[in-house]
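A.B. asks: Structure for the following, please:
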Amino acid sequence: MFEFQRKLIFNINVTVVQLIREKETFGQELGVENSHSLLFSKDSRNRSGSSTTIAFTRKLLQSPGDDGNRIGTTCSKNDIVIFQGSAAPLPNGIPSYTVQILNVCVSGCSISNIHVSCGWFSTVRMINPRVFRRVYYDDCLVNDGEALGPGESLSFDYANSYSYHLSVSSVVCC
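C.D. replies: Predicted coordinates:
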């Protein structure tokens, strides 16, 4: 009877180790470069008093370049969000658009020198150049380069026969 229990325990341990290796191999086959394992173990005692350790593993997958925890990390251009929508057209019928630029950094960071990809941005309605201006082709400067604090936003309206695709190209974290 004792020999049977020892073989059973050995077989369970070997099976657990094989499962762990298979899961690691499976992650590598998927091309997951950054993966981590959590190992949970459970000690159980049988009637004879000998203990058996059973290990369970869980693979934690992480995308390359993803820090996995945005809270408390440094800021990035992803902390600036641009919303754009249609507004009432001008009296002469030219379509009008409203743009709102927000700092959504949750770790309390101020962000300055916000540059936006904006193509050949132009408007028939004057925009305060301290709020938004085109510097070069596909490069517009927000807030005259000054910092936008956490939770702060600014907005402006422009008018053109079509809307421009606006996306953040670079920022400086303060």
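A.B. asks: make it CA atoms for all contacts and neighbour counts henceforth
C.D. replies: Will do.
A.B. asks: Tell me where the protein has helices.
C.D. replies: For the chain, helices defined by DSSP state H occupy the ranges 2-29.
A.B. asks: got any ranges where it has weak pLDDT?
C.D. replies: 1-73 (pLDDT under 70).
A.B. asks: repeat that for 80
C.D. replies: 1-74 (pLDDT under 80).
A.B. asks: nearest spatial neighbour of residue 168, skipping sequence neighbours?
C.D. replies: The shortest distance from residue 168 to any non-neighbouring residue, by C-alpha to C-alpha, 6 or more residues apart in numbering, is to residue 116 (4.4 Å).
A.B. asks: how far away is the one you found from residue 147?
C.D. replies: In this view, residue 116 and residue 147 are 14 Å apart by C-alpha to C-alpha, to the nearest Å.
A.B. asks: Over to residue 106?
C.D. replies: Relative to residue 147, and taking C-alpha to C-alpha, residue 106 is found at 16 Å.
A.B. asks: and if you look at residue 77?
C.D. replies: Distance of residue 77 to residue 147, given as C-alpha to C-alpha: 13 Å.
A.B. asks: likewise residue 158?
C.D. replies: Taken as C-alpha to C-alpha, the span from residue 158 to residue 147 is 22 Å.
A.B. asks: about what we covered before: residue 106 and residue 147 - which one has more neighbours?
C.D. replies: Neighbours were counted for residue 106 and for residue 147 using other C-alpha atoms under 10 Å; residue 147 has more, 20 against 14.
A.B. asks: Contact partners for that one?
C.D. replies: Residues near residue 147 by C-alpha atoms under 8 Å, 6 or more residues apart in numbering: 110-113, 174.
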